[in-house]
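In: predicted model, plus sequence, below.
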Amino acid sequence: MPDAPAFTALLFGLRGCLVRAVDGTLQPAPGALNALDSLHRRQVPCIWLDELNASQDKQLASVLPNWLPGQTQNSPPWPAPHACWLALMNLNSERLDGCVLVSGEPRLLQSGLNAGLWTVGLAACSPSCDLLSSEWQAMDPHEQDKVRGKATLELFSLGVHSVIDHLEALDTCLLDIAQRRRKGEKP
């Protein structure tokens, strides 16, 4: 995993960090807590973003670590870059270099691209892969793989820099981005 200086800040789409269990309760998405704890231990500033109202955000964020701040989108709406820039200001980030946005929401990813951030798409958390919908659950694993593959292609077509299924693969993805940055690649 990259050292703390390799990344200035990570922004997360809130809904990419959460999944709804069969009983309707919200739970951290696969790998979310491990990824967040790893970043926190290395002192990489993190924040989540969403465009829900404050009470909805508070309810959703209640299953995430207390140290993880959040920010709701006010205006202008995504894909304007303002929300990303405000989140970085809230984290006291001194520069864009090394800032990464992780989300399954295409409009938020476009906002990150517009803001000049590295972007990582979460295919299994994209609108195409509603893990709790009756349609998704009625699909056999092969059909689910096809839908997830289509979501991956849709995210790449936005121009995101990487796409992973879940946050479980974030460490490997960040290693790749760190290597790309060392070679001089920019977002």
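Out: Cool, the structure landed.
In: which helix or strand in this structure has the lowest average pLDDT?
Out: Every helix and strand in the chain was compared by mean pLDDT, DSSP states H and E; the lowest is helix 54-61, with a mean of 70.
In: and the next helix or strand past that one?
Out: For helix 54-61, the following helix or strand on the C-terminal side (DSSP states H and E) is strand 70-72.
In: parallel or antiparallel, list what pairs with that following strand.
Out: Applying DSSP bridges to the sheet, strand 70-72 is found paired with strand 46-50 (parallel).
In: can you give me the buried ones in the host helix or strand of Arg107?
Out: Arg107 belongs to helix 106-115 when assigned by DSSP H and E. Within helix 106-115, the residues that qualify as buried are 106-113, 115, counting by 16 or more other CB atoms under 10 Å. Placement of C-beta: from N, CA and C, glycine included.
In: can you check stretch 127-146 too?
Out: Buried-residue list, stretch 127-146, by 16+ other CB under 10 Å: 128-129, 144.
In: okay, that stretch in CSV with CA atoms only?
Out: The C-alpha trace of stretch 127-146 is given here as CSV (Å, rounded to 0.1, in the frame of the first residue of the first chain):
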residue,chain,number,x,y,z
PRO,A,127,-26.7,2.4,-10.5
SER,A,128,-26.6,-0.5,-12.9
CYS,A,129,-25.9,-3.0,-10.1
ASP,A,130,-28.6,-2.4,-7.5
LEU,A,131,-27.7,-5.3,-5.2
LEU,A,132,-31.0,-5.2,-3.4
SER,A,133,-33.4,-4.9,-6.3
SER,A,134,-35.6,-7.9,-7.0
GLU,A,135,-34.3,-7.8,-10.6
TRP,A,136,-30.7,-8.1,-9.4
GLN,A,137,-31.5,-10.9,-7.0
ALA,A,138,-33.4,-12.8,-9.7
MET,A,139,-30.4,-12.9,-11.9
ASP,A,140,-28.1,-15.9,-12.0
PRO,A,141,-24.4,-15.2,-11.3
HIS,A,142,-23.5,-15.2,-15.0
GLU,A,143,-26.2,-12.5,-15.7
GLN,A,144,-24.9,-10.5,-12.7
ASP,A,145,-21.4,-10.7,-14.1
LYS,A,146,-22.6,-9.3,-17.4
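In: brilliant, that's me finished.
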